[in-house]
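>>> Provided below are the primary sequence and the corresponding predicted coordinates.
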Amino acid sequence: MPGGRLTQQERQRIAAGLADGLAYAEIARRLDRPTSTVTREVMRNGGPTAYRPELAQRATEQRAHRRRRSAAGRGARGAPDRHGRDPEAVRAFEETLTTVFIASGTPRMMARVMACLTLSDSGSLTAAELAERLQVSPASVSKAVAFLESQDLVRRFREEGGRRERYGFDEDIWYQSMIASARSTAQIAVTSREGVDVMGPGTPAATRLENAARFLGFVAETMIRAAEEARDLLHEEPAEEDRGERG
């Protein structure tokens, strides 16, 4: 299986596959590439409807240039990771995580900030630190953080004894996000049920609404119950045997 970065010819074949309505898995099979490679490539370059091979190639070259410039600024050797991690593997995983966030509906810049904060050992970063790590302008960081705050996905707080603001996650953000999604689903169920009388019980439209209401109501209740039961997992330390298995 070929490795390395996608070539311009491969990007053109991806664009052709998308135009033909092919699934990512089929495009990847034809390129002899992992499906995750094609998915990541498309999602970080506009998505399936806006993907352009020339723009994707240029963006890749620009990212490579920024990485070289950033590495040069840190020195030839760079700062060693105190946990002994492979920087290239971490960078690749951050791109994968960003792609997953994008696929879930998060805009690209916001997804990059989320991934960067998630993989920060401190759990929080300043705007300047985010801009440096992502090689973007402070204005881009500010816009992304404002959006994530509005979605309750990022918390803003001040450094203890300092004046700088930091941005980060707390352990309950995923719980709150899941509850918000469940409540939104529950509201659709309630509204669908209200439409049964409007459309006339027993009619095709009313039956469709009633079935949707039952399904969505059940899903919402299950999500809330599961989130409540699993909430403590967000605050637990992995057991020693779990660490051993992952290692």
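Yep, it's here. Predicted, not measured: the structure shown is a model, and the values here were computed from it.
>>> Nearest residue to residue 196 in space, please, no chain neighbours.
residue 206 (4.6 Å; Cβ to Cβ, 6 or more residues apart in numbering). All C-beta atoms are positioned from the backbone trio N, CA, C, and that covers glycine.
>>> Check residue 46 too.
Of all residues not flanking residue 46 in the chain, residue 52 sits nearest, at 6.7 Å (Cβ to Cβ, 6+ apart).
>>> how would you label the residue lying closest to residue 181 once chain neighbours are set aside: helix, strand or coil?
Nearest-residue entry for residue 181: residue 223, 6.9 Å, with adjacent residues in sequence omitted and distances by Cβ to Cβ, 6+ apart. In terms of secondary structure, residue 223 is helix; the call rests on DSSP: H, G, I helix; E, B strand; the rest coil.
>>> for the chain, which spans come out with low pLDDT?
Low-confidence regions of the chain, defined by pLDDT under 70, span residues 1-3, 63-81, 160-162, 170, 238-247.
>>> what about 50?
For the chain, the stretches flagged by pLDDT under 50 are 1, 74-78, 241-247.
>>> domain ranges for it?
Following automatic domain parsing, one finds the domains of the chain at 8-74, 87-168, 173-235.
>>> I'd assumed residue 168 was in contact with residue 125.
Yes - using Cβ atoms under 8 Å, residue 125 makes contact with residue 168 at a distance of 6.8 Å.
>>> Now name the helix or strand holding the spatially most central residue of the chain.
Nearest to the geometric centre of the chain sits residue 101, at 1.4 Å (Cα atoms, centre = their mean). Residue 101 is part of helix 87-103 when elements are defined by DSSP states H and E.
>>> in that helix, what's buried?
Along helix 87-103, the positions that meet the burial threshold by neighbour count (16 or more other Cβ atoms under 10 Å) are 94, 97-102.
>>> neighbouring contacts of the following helix or strand past that helix?
Beyond helix 87-103 on the C-terminal side, the first helix or strand identified by DSSP H and E is helix 108-118. Under the criterion Cβ atoms under 8 Å, 6 or more residues apart in numbering, residues 44, 94-95, 97-99, 101-102, 106, 123-125, 130, 133-134, 136, 140-141, 143-145, 147-148, 153-154, 167-169 lie in contact with helix 108-118.
>>> Thank you, goodbye.
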